[in-house]
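1. Return a 3D structure for these sequence lines:
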Amino acid sequence: MNKIESLKAERDGLDVSEDLVRFAREGWKTIGEDDKERLKWVGVFYRRPTPGHFMMRIRMANGIVTSAQARLLGEITRESGKNVADVTTRQQVQLRWVTVEGVPEVIARLEAAGLSSLQTGMDNIRGIVGCPATGLAPTELLDTAPIAAAFQRIFLGNKAFTNLPRKFNVTITGCLEHCTGGETQDISMTPAVATVGGEDVAGFNVAVGGKQGSGGPRFATALDAFVTPGEAAELCAAIALIFRDHGPREARSRARLAFLVDEWGGERFRKELETRIGRDLSPAGRDARGTKTTDHVGIFRQRQPGLSYVGLKTPVGRVTGDQLLELARIAERYGRGELRFTPSQNVLIPHVPDAVLGELTAEPLLKALPYNPSEIQRGLVSCTGTDFCNLALIDTKARAMALARALEQRLGATRPLTVRWSGCPASCGNHHTADVGLQGCKVKVDGKIVDGVHVFVGGRGGRDPRAAEKILEDVPCDALPEALDRLVRFFPRSPRKEEP
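-> Residues are numbered from 1 along each chain as shown. Predicted structure coming up:
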């Protein structure tokens, strides 16, 4: 067995919660390497770039939080002394600079507020991604927030789901515009309509085995299966348990569900799934998705009369505790005390009455987190980078902002453009499905090792996904503005189509 499988065989990862008080008493230097890995089961991550400090990843299905919960995250972020947090591409928030002495108290505060960090790392079902405007968008087929919550109740804290061969990503969306990246998820449930008993029924088509890292991108395999909203959570759980029982475990780099689907094929996987749930699956319904793409940044009408939601750009996903506190205040002042983080690392303020939209857009915070960013800023996504990540090869966030500013100066107003940065091949920045994807590497220039990237172009998601193609290797980051200037000017892209 590999190292991780060995430590899981010795002890379930969730059991490390019993040791948190001892770790807090004895200090981080006493924590063994195996227990540093196990701590990821409770959402606590030791980071080599910040010795003595930990990251905590907070789970929130569909990215939805109350203003009280956002305020708590802001308070914890400020109390760390560094005032830095990150919004992730899985609609979660990562708290930085937490000490092991403070972990038990932070967990207690999170639980009291209805939040959890459980199972947000290692071989678990990670945060459930969904449309951040679920329940709001006039054109969506289904509100998936109740389904995500139901599925989370099944697996969270349940040891039947804590020994998967590898991490497990799930998207459940009823959005008709592509906004969740479902094609690269282990489970992708997308909106569809099937005719049952002569009547049209809204539900989901099911695909499995998508991924981005671990050897490159693979798009999910359609199972020719349709499920109703009432069946969706149960089916997700059954798929996860098939992965638990049959997924490859020998090599970590080949332990994703994608490799099991490659081995079995979609038909065998579907038959195993039907055996697991004890019934035949209905054939796939009619795909309800359109061809439009949205990131939900801007001002959009809600299905509820007289209300809008306002999507704010959070540059490269980095926020301060002060900004989280301000977001909480604004959500209460102008909305109904709710916020929603997005898969593009942004944040929505829903339920804003028409009468106060002007006041909201004049708030000082919206200069730092704009609702009307440039197209370069709007499409910018970045992984954590070497600031905090053990795997990253380059500083992605600062590099991403510097490149965006340089391209704005060179290009001025431009067509929609997504530029996504991943600091290593793991592709946490989703660079394989971007107009321009940048994967970090090290490059030798004049005898010195500097930050560089491999350049990918032409990626996209949605109904007809396409993996970006690598066209340049080992480009020094300092040379990127000139290199991408020449590329972007002639790169074909359709104009952005906004929501109605």
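2. For Asn390, grab the count of nearby residues.
-> Neighbour count for Asn390, taken as other Cβ atoms under 10 Å: 12. For every residue, glycine as well, the C-beta is placed using N, CA and C.
3. and what of the one 3 residues further on?
-> The local packing of Leu393 (other Cβ under 10 Å) involves 19 other residues.
4. who touches the closest residue to Arg460 other than its chain neighbours in this structure?
-> Spatial nearest neighbour of Arg460, excluding adjacent residues (Cβ to Cβ, 6 or more residues apart in numbering): Arg466 at 5.1 Å. Contact analysis of Arg466 by Cβ atoms under 8 Å, 6 or more residues apart in numbering lists 458-460.
5. Quick check, central residue of this structure?
-> Arg90 (1.6 Å; Cα atoms, centre = their mean).
6. gap between that one and Arg126?
-> Using Cβ to Cβ, to the nearest Å, Arg90 is found at 6 Å from Arg126.
7. between these two, what contacts are shared?
-> Contacts common to Arg90 and Arg126, judged by Cβ under 8 Å, 6+ apart, are Asn169.
8. returning to what we had before: now the residue nearest to Arg460. Its backbone dihedrals?
-> phi -140, psi 130 (degrees, to the nearest 10).
9. follow-up on the earlier one: of the contacts of Arg466, which is the most crowded?
-> Busiest of those [other Cβ under 10 Å] is Gly459, holding 21 neighbours.
10. Which SSE is immediately downstream of whichever strand or helix holds Val475?
-> Using DSSP states H and E, the element containing Val475 is strand 469-476. Where DSSP H and E defines the elements, the next helix or strand beyond strand 469-476 is helix 480-488.
11. got the CA coordinates for that next one in CSV?
-> Listed next in CSV are the C-alpha coordinates belonging to helix 480-488 (Å, rounded to 0.1, in the frame of the first residue of the first chain):
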residue,chain,number,x,y,z
LEU,A,480,3.9,36.9,-20.4
PRO,A,481,2.4,40.4,-21.1
GLU,A,482,4.2,40.6,-24.4
ALA,A,483,3.6,37.0,-25.3
LEU,A,484,-0.1,37.0,-24.5
ASP,A,485,-0.6,40.4,-26.1
ARG,A,486,0.3,39.0,-29.5
LEU,A,487,-1.8,35.9,-28.8
VAL,A,488,-5.0,37.5,-27.4
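12. neighbours around the residue nearest to Lys211 when sequence neighbours are not counted, how many?
-> Leaving aside its sequence neighbours, Lys211 sits nearest to Ala258 (Cβ to Cβ, 6+ apart; 4.7 Å). Residues within reach of Ala258, counting by other Cβ under 10 Å, total 25.
13. Also the one 3 residues further on?
-> Counted with other Cβ under 10 Å, residues neighbouring Val261 total 24.
14. So which residues of the stretch 251-400 of the chain form helices?
-> Counting by DSSP state H, counting those that start in this stretch, the stretch 251-400 of the chain has helices at residues 257-264, 266-277, 321-334, 357-361, 365-368, 375-378, 396-411.
15. CA atoms only for the third one, dumped as CSV, please.
-> Spelled out, it's helix 321-334. Extracted C-alpha coordinates of helix 321-334, given in CSV (Å, rounded to 0.1, in the frame of the first residue of the first chain):
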residue,chain,number,x,y,z
GLY,A,321,-11.3,39.9,7.1
ASP,A,322,-12.4,43.5,6.8
GLN,A,323,-14.0,42.8,3.4
LEU,A,324,-15.8,39.8,4.8
LEU,A,325,-17.2,41.9,7.6
GLU,A,326,-18.3,44.6,5.1
LEU,A,327,-19.9,42.0,2.9
ALA,A,328,-21.9,40.8,5.9
ARG,A,329,-23.0,44.3,6.7
ILE,A,330,-24.0,45.0,3.1
ALA,A,331,-25.9,41.7,2.8
GLU,A,332,-28.0,42.8,5.9
ARG,A,333,-28.3,46.4,4.8
TYR,A,334,-29.4,45.8,1.2
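16. And that helix, what does it pack against?
-> helix 67-79, strand 338-341, strand 347-353, helix 357-361, helix 365-368 (3 or more Cβ pairs under 8 Å, 6 or more residues apart in numbering; DSSP states H and E).
17. any residues touching the fourth one, and which ones?
-> Taking contacts as Cβ under 8 Å, 6+ apart, the residues outside helix 357-361 that touch it are 299, 308, 310, 330, 334, 349, 352, 366, 371.
18. can you redo those residues as a markdown table with pLDDT and distance to Gly266?
-> What follows is the contacts of helix 357-361, written out as a markdown table (pLDDT from 0 to 100; distance: Cβ to Cβ, whole Å):
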| residue | pLDDT | distance to Gly266 |
| --- | --- | --- |
| Ile299 | 98 | 41 |
| Ser308 | 98 | 41 |
| Val310 | 98 | 41 |
| Ile330 | 98 | 46 |
| Tyr334 | 98 | 47 |
| Ile349 | 98 | 40 |
| Val352 | 98 | 43 |
| Leu366 | 98 | 46 |
| Tyr371 | 98 | 41 |
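19. so how many other residues sit close to Leu257?
-> By the criterion of other Cβ under 10 Å, Leu257 has 31 neighbours.
20. can I see the domain layout of this protein?
-> 134-287, 378-488 (automatic domain parsing).
21. Mind putting the ones you listed into JSON lines with distance to Asp86 and mean pLDDT?
-> Output for these, formatted as JSON lines (distance: least, Cβ to Cβ, whole Å; pLDDT from 0 to 100):
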{"stretch": "domain 134-287", "distance to Asp86": "18", "mean pLDDT": "97"}
{"stretch": "domain 378-488", "distance to Asp86": "6", "mean pLDDT": "94"}
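22. For Glu26, which of the ones you listed is the nearest?
-> Relative to Glu26, the nearest member of the domains of the chain by Cβ to Cβ is domain 378-488, separated by 22.8 Å.
23. Work out the gap between that closest one and the centre of the chain.
-> Remark: domain 378-488 is offset 18 Å from the chain centroid, using Cα atoms, centre = their mean, to the nearest Å.
24. end to end, how far does that domain reach?
-> One end of domain 378-488 to the other measures 15 Å (Cα to Cα, to the nearest Å).
25. what does stretch 43-54 give?
-> 10 Å.
26. now swap in stretch 363-379 and tell me
-> End-to-end distance of stretch 363-379: 23 Å, with Cα to Cα as the criterion.
27. gap between that stretch and the chain center?
-> Its chain's C-alpha centre and that of stretch 363-379 lie 20 Å apart, by Cα atoms, centre = their mean.
28. So which residues make contact with it?
-> With Cβ under 8 Å, 6+ apart as the test, stretch 363-379 has contacts from 295, 297-299, 310-315, 319, 323, 326-327, 330, 347, 360-361, 404, 407-408, 411, 413-420, 434-435, 496.
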